[in-house]
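Asks: Below is the sequence, then the predicted model.
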Amino acid sequence: MRISKVLVLAVLFALGFAGGSSTAGENETRLQQIKAAYVYKFAGYVDWPAPPREERAAAFTVGVLGDNPFGSALFALESRTYGDEPVAVRQIASVAEASSCHVLLISDSESGRLEEIVAALHGQSVLTVSEIDGFVEAGGMIQLMVHKNKVRFSINLIAARQAKLNIHASLLALARHVIQ
Amino acid sequence: MSYRRAVFLCACLGLMLTGPQAHAQDDENDFLDMSLQSLMEVEGMPIDVLTTHIHPKGEWMIRYQFMTMPMEGNRVGADSVSTENVLQGYKVSPTRMTMQMHMVDVMYGWTDDLTLMVMMPFVQSSMDHVTRGGSSFTTDASGLGDVSLMAHYNMALHGPHRVVFLGGLSMPTGSIDAVDDTPAGEQSLPYPMQLGSGTFDLKQGISYIGQTRNWAWGADAKGTFRLGENSQQYSLGNRFHSSVWATRRLYSWSALSLQLASERWGDVAGADPRLNPAMVPTADPDLRGGWRLDTRVELSFFIPSGSFQNQRFFIDAVLPAYQNLHGPQLESSHVVHLGWEWRF
C-alpha cells in the first residue's frame, strides 16, 4: 500500500477517535438512572415527623452509605427540590452520620454488615433504601429489584412505622411485596 | 482488504465515535420528570435499536433475513489463482458461486433468562463453471436448509455486563442429494452446492455483552460440531466463529455496528462416493477447509411507537479482510444481509 494511502487511512482513523468524547452521563447505565429516579419519587409518598425548629435541615438530604450504586445519576437529584427544600446528595462515611439524612441509600457493598446498620438506625426517622437481597426481610424499609426487565420495589411497613415514617397507601399499592 | 473498503470502514468508525451525544443527558431528566406509575413501565434494558439478546418472559420475536453471498475467483492459501491455473489440475473449474438464503427465525422468552429459538433457512445456490475444453455451464440447487433448535441463557454479571450461553442442535433437514445437469449428464452436485450437512450438528457458544445508554459491545465464540457421518459417508468440517463487536446508538431509532470476526472451518471427513474429486476441486473433500477474517458493518433502524412498534430493520455488509483457503477454492467476495424483526 502506498504511503499516501496509509496517511489518508491514518488521518481518518485519528479523526474517528478524536471526534468522540463521552460525558459521565453517557456512560451512566439506563438502569442506574431509573433507580435513582425511584429514590427521588419515593420521597413524595413518605411523611417525616416534623423536627424541632433548631434541628431543621437546610436541604432534603439523600445519604449514600458504601459505594454509590447509581453513580452520577444519583447526584442528578441535586437539580431537584423536595417541596421548598433543595435536594442534597451526600456520601456518608458511617452509620452515625445517617441521622442527618432523610433518605439513606445503602449500597450492596455494605451487605456484609446489614444487620449492624439496621440495628444502629432503629427508631431513627431515616427512610432506608437498598438493592441488597433480603433487605426488607432484614429490617430495611424499601428494597429495589429488577423483575421482568422493569424496576420494582418491596416495602417493610413495620420498619417504617418504627421509624415514625408514614408511607402513603398509594405507594404500598404499587409495591411488589409489603411486610406488615 | 482493498483500500476503498478500508476507507469505508474507517468512515463508519468515525461516524460511530462522533455520533450524537446529547440524547443520554436528556433521558436522565426524563426519568426524574415521570410519575412513579410511568417509571414503573420503563424497561431497564430498552427493547430498541440496541440488540441485546434479551427476551423477557413471554415475549416473541420473529425475524426474517435475506442473505446474498457471491464468491468469485479461486484461492490457494492466501493467494488468488487463475482459472487457467486451476484447469491445469482439474477438468472443470468453478468460476463463480452465488448463495442466497432466506432465513426465518422465531424466538420466545421462556423465562427472563432463557430464550428458545427456531432457525429455518431456505437456500438458493448457483455455481458457474468452465471446462478444460472451453465450454461453460451453471448448476443450481435450492430448497430448505438445516433447521436449528437453539437456546440462549442469559446470565447477568455486575452492572451493565452479561454473559450469554448458547446451545442447540442443527437437524439434517437440508438435502445432500441435490443433482443438476452438467456436460456429463445429470450429476450429484459437489459439497458447497448441497443444501445441508446431512448430520445432526451440535452448536455451542458463549457471548459477553456490555451495554450502556448509547453503546453496546461484546465478544463471542461459537462452534458447530458434526455428530457422525451422513448417509453418503461423509461429514462436513467443524466450524469455529469468534468475534468482537461494538454498536453505537446514533439516534433513538438507529444504530451502527462494527464487527471483526474470524471464521474457521475444516475439510470434509470421509468422501461422497458419488463425486469424483479429480474432476473439479469442489468435489475434493480435502479442499473444503479454510480461515477467513471478516469485517462487518450494520445499520439498523427501530420503530419505538405507532402501528409498527417494536420492529427493527437492518442492513449489513460483511467484507472479508483476509482469506486463507485449502484450495483451489472459491473465495468470498462479500456478504449482504437485509433483515426485519418484530418483538411482541
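Replies: Great, that's in hand. Here the structure is a predicted model, which is why all the values come from computation and not from measurement. Numbering: from 1, shown residues only, chains lettered A, B, ... in the order given.
Asks: got any ranges where chain B has weak pLDDT?
Replies: Residues of chain B that meet the criterion pLDDT under 70 lie in B:1-29, B:45-54, B:156-159, B:213, B:304-305.
Asks: In it, what residue spans correspond to helices?
Replies: B:3-17, B:23-33, B:36-39, B:83-89 (DSSP state H).
Asks: Could you give me the buried positions within the last one?
Replies: By 16 or more other Cβ atoms under 10 Å in any protein chain shown, the buried positions in helix B:83-89 come out as B:86-87. All C-beta spots, glycine's among them, are computed from the backbone N, C-alpha and C.
Asks: Packing partners of it?
Replies: strand B:60-77, strand B:92-109, strand B:114-131, strand B:311-332 (3 or more Cβ pairs under 8 Å, 6 or more residues apart in numbering or on different chains; DSSP states H and E).
Asks: Same question for the shortest one.
Replies: With contacts defined as 3+ Cβ pairs under 8 Å, 6+ apart, the packing partners of helix B:36-39 are helix A:30-42, helix A:169-174.
Asks: what would the ones you listed look like in TSV with distance to chain B and mean pLDDT?
Replies: Supplementary listing: those in TSV, determined by distance: least, Cβ to the nearest Cβ, whole Å; pLDDT from 0 to 100:
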stretch	distance to chain B	mean pLDDT
helix A:30-42	4	91
helix A:169-174	7	95
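Asks: looking at the ones you listed, which is closest to B:H326?
Replies: helix A:30-42 (46.9 Å; Cβ to Cβ).
Asks: name the helices or strands packed onto the closest one?
Replies: Counting contacts by 3+ Cβ pairs under 8 Å, 6+ apart, helix A:30-42 packs against helix A:72-75, strand A:103-106, strand A:127-130, strand A:142-147, strand A:150-156, helix B:23-33, helix B:36-39.
Asks: Could you list every helix and strand that the first one packs against?
Replies: Identification of packing neighbours for helix A:72-75 by 3+ Cβ pairs under 8 Å, 6+ apart yields helix A:30-42.
Asks: One more: the fifth one?
Replies: Taking 3+ Cβ pairs under 8 Å, 6+ apart as contact, the helices and strands that strand A:150-156 lies on are helix A:30-42, strand A:142-147, helix A:169-174, strand A:177-179.
Asks: Could you tell me the angle between it and strand A:142-147?
Replies: Per axes from the mean of the first three to the mean of the last three Cα atoms, to 10 degrees, the angle that strand A:150-156 makes with strand A:142-147 is 150 degrees.
Asks: now strand A:150-156 and helix A:30-42, what's the angle there?
Replies: Going by the same axes, to 10 degrees, strand A:150-156 makes 40 degrees with helix A:30-42.
Asks: Outside of strand A:150-156 itself, which residues are in contact with it?
Replies: A:31, A:34-35, A:38, A:42, A:135-137, A:139-146, A:167, A:171-172, A:174-179, B:39-44 (Cβ atoms under 8 Å, 6 or more residues apart in numbering or on different chains).
Asks: just for chain A, where's the confidence low?
Replies: A:1-28, A:52-57.
Asks: Determine which stretch of the helices and strands packed on helix B:36-39 is the most buried.
Replies: Across the helices and strands packed on helix B:36-39, averaging neighbours per residue (mean count of other Cβ atoms under 10 Å in any protein chain shown) puts helix A:30-42 on top, at a mean of 23.
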